[in-house]
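1. Everything below, folded, please.
(one chain, ligands or ions: 1)
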Amino acid sequence: MAKIFSGVQPTSIPTLGNYLGAMRNFVTLQDGNECIYCIVDEHAITVPQDPKEIQKNIHNLAALYLAMGIDPKRSILFIQSEVPCHAQLGWIMQCVSYMGELERMTQFKDKSKGKQSVSAGLLTYPPLMAADILLYQTELVPVGADQKQHLELTRDLAERFNKKYGQVFTVPEPYIPPVGARIMSLAEPTKKMSKSDTNRKATIFTLDSEKEILKKIKSATTDDEASIRYDREAKPGVSNLLDIFSLCSGRSVDELVTAYQNKGYGEFKTDVAESVINVLSPIQERYHNLIESDELDEILDEGAEKAYAMAKKTLSESEQALGIGRRN
Ligand code: TYM
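-> Modelled structure (predicted):
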């Protein structure tokens, strides 16, 4: 039994990349583990958000977590800003971090590139993420490949703190799936599929209609070789569709390559779309039933209460180790 923690930002609807790279594993990891899942709204505000929009996204994300299969009887589901220990340990983690290592984070470099000014929060995003994880003595963190560097920093911060002030934090391991850790954009398959892509055809959102999914996959960039084989370098578009197809159908990439050997891209894409629809439609159906129910608030209230009890303990231990506040 391992302690698991992960989070998703409530910035728009989660993408197929979020689902296949991370959230799907959140669900399977519930078997035999102690899981804590978070809606990381404090991370979302590191870039400007419309207050009404983020409020809606928080609610939608909570319903989607449940619709995807997070079981509140087995796992804790809560909103980051409702457990103040995150911001508190986040501050402590900032004081343990070096400016240089934060400036070297790829996500910070990407998100600040070309901007005249960015928030200080964008730079201190990773220490807050470290706090999220370390507050629960987490052992395993299911994430997509883009979070690997943040996980490495989390490990460094935990080790640095423990070495200097005494053993307080468990040093977590990332859980990055062998397939699906980096679902690529449908329009530019050398780029990661992202919520914020301005090209609407690049990204499948988990609440897209069947028609939208089919249209987006049909227009996905491939190549003019007209052969279905797996080669990330030479055929990034086809390889990405094969990954998606494999994950959504449960068939291996090798099996699919053999099955589609003599078939054209048109038929292949229709079948990829069908497999995605088969995975997303039951989630969408459950989502629509949940979104109006009062159950959601009860689950989030209970989640915040349980998370707070665990987080408070670790926060106190870290404050005690640092010698801050009044101690006996
Ligand atoms: P976020 O909200 O950007 O993404 C949520 C999860 O989805 C994964 N992901 C992908 N996986 C495969 N292919 C893609 N194209 C793709 N795009 C996103 C992400 O790797 C992530 O696992 N920093 C985190 C949120 C966070 C967090 C945490 C995660 C805050 N605190 C503590 C784990 C533990 C983020 O921005 O996720």
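2. Now do residue 196: how many residues are near it, please.
-> A count of neighbours around residue 196, defined by other Cβ atoms under 10 Å, yields 10. Where you see a C-beta, it was placed from the backbone N, CA and C, and this is true even at glycine.
3. sec struct for it, please.
-> Three states are possible here, and by DSSP: H, G, I helix; E, B strand; the rest coil the one that applies to residue 196 is coil.
4. residues touching residue 21, list them.
-> Residue 21 makes contact with 143, 144, 145, 177, 180, 181, 182, 183 under the criterion Cβ atoms under 8 Å, 6 or more residues apart in numbering.
5. For the nearest residue to it once chain neighbours are set aside, grab the count of nearby residues.
-> Ranked by Cβ to Cβ, 6 or more residues apart in numbering and with sequence neighbours excluded, the top spatial neighbour of residue 21 is residue 144, at 3.3 Å. Counted by other Cβ under 10 Å, the residues lying close to residue 144 total 22.
6. And the one 10 residues further on, by the same measure?
-> Neighbours of residue 154 under the rule other Cβ under 10 Å: 26.
7. Which of the three states applies to it?
-> Secondary structure of residue 154, reduced to three states by three-state DSSP: helix.
8. Might one say that it is in contact with residue 135?
-> No: Residue 154 is not in contact with residue 135 according to Cβ atoms under 8 Å; the separation is 11.3 Å.
9. So the residue nearest to residue 207 when sequence neighbours are not counted: helix, strand or coil?
-> Taking Cβ to Cβ, 6+ apart as the measure, residue 207 lies nearest to residue 13, with 5.0 Å between them; neighbours along the chain are not counted. Under three-state DSSP, residue 13 falls in the coil class.
10. same question, residue 6
-> Applying three-state DSSP to residue 6 yields a three-state assignment of strand.
11. what sits against it?
-> 22, 26, 37, 38, 141, 142, 143.
12. ok, residue 176 - contacts?
-> With contacts defined as Cβ under 8 Å, 6+ apart, the neighbours of residue 176 are 142, 143, 144, 145, 148.
13. what's the spacing between whichever residue of the stretch 201-328 of the chain sits closest to the ligand and residue 17?
-> Distances between the stretch 201-328 of the chain and the ligand by Cβ to the nearest ligand atom are smallest at residue 203, namely 8.6 Å. Note on residue 203: its distance to residue 17, by Cβ to Cβ, to the nearest Å, is 8 Å.
14. again with residue 89
-> For residue 89, the distance to residue 17 (Cβ to Cβ) stands at 28 Å.
15. Could you do residue 219 as well?
-> Counting by Cβ to Cβ - residue 219 and residue 17 are separated by 17 Å.
16. what about the two, which has more around it?
-> Under the neighbour definition other Cβ under 10 Å, residue 219 and residue 17 were set side by side, and residue 17 has more, 25 against 12.
17. what residues does the stretch 101-250 of the chain put near the ligand?
-> If contact is defined as Cβ under 6 Å from any ligand atom, the residues of the stretch 101-250 of the chain in contact with the ligand are 129, 132-133, 141, 143-144, 146-147, 150, 181-183, 192-193.
18. Go again with 5 Å.
-> The stretch 101-250 of the chain comes close to the ligand at residues 129, 132, 143, 144, 146, 147, 182, 183, 192, 193, as judged by Cβ under 5 Å from any ligand atom.
19. now the residues you listed in JSON lines, with pLDDT?
-> Compiled in JSON lines, these are given as follows (pLDDT from 0 to 100):
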{"residue": "129", "pLDDT": "98"}
{"residue": "132", "pLDDT": "99"}
{"residue": "143", "pLDDT": "98"}
{"residue": "144", "pLDDT": "98"}
{"residue": "146", "pLDDT": "97"}
{"residue": "147", "pLDDT": "98"}
{"residue": "182", "pLDDT": "97"}
{"residue": "183", "pLDDT": "98"}
{"residue": "192", "pLDDT": "96"}
{"residue": "193", "pLDDT": "98"}
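20. can you count the residues close to the residue nearest to residue 74 when sequence neighbours are not counted?
-> The spatially closest residue to residue 74, leaving aside those adjacent along the chain, is residue 30, at 5.2 Å (Cβ to Cβ, 6+ apart). As a burial measure, the neighbour count of residue 30 was computed by other Cβ under 10 Å and equals 18.
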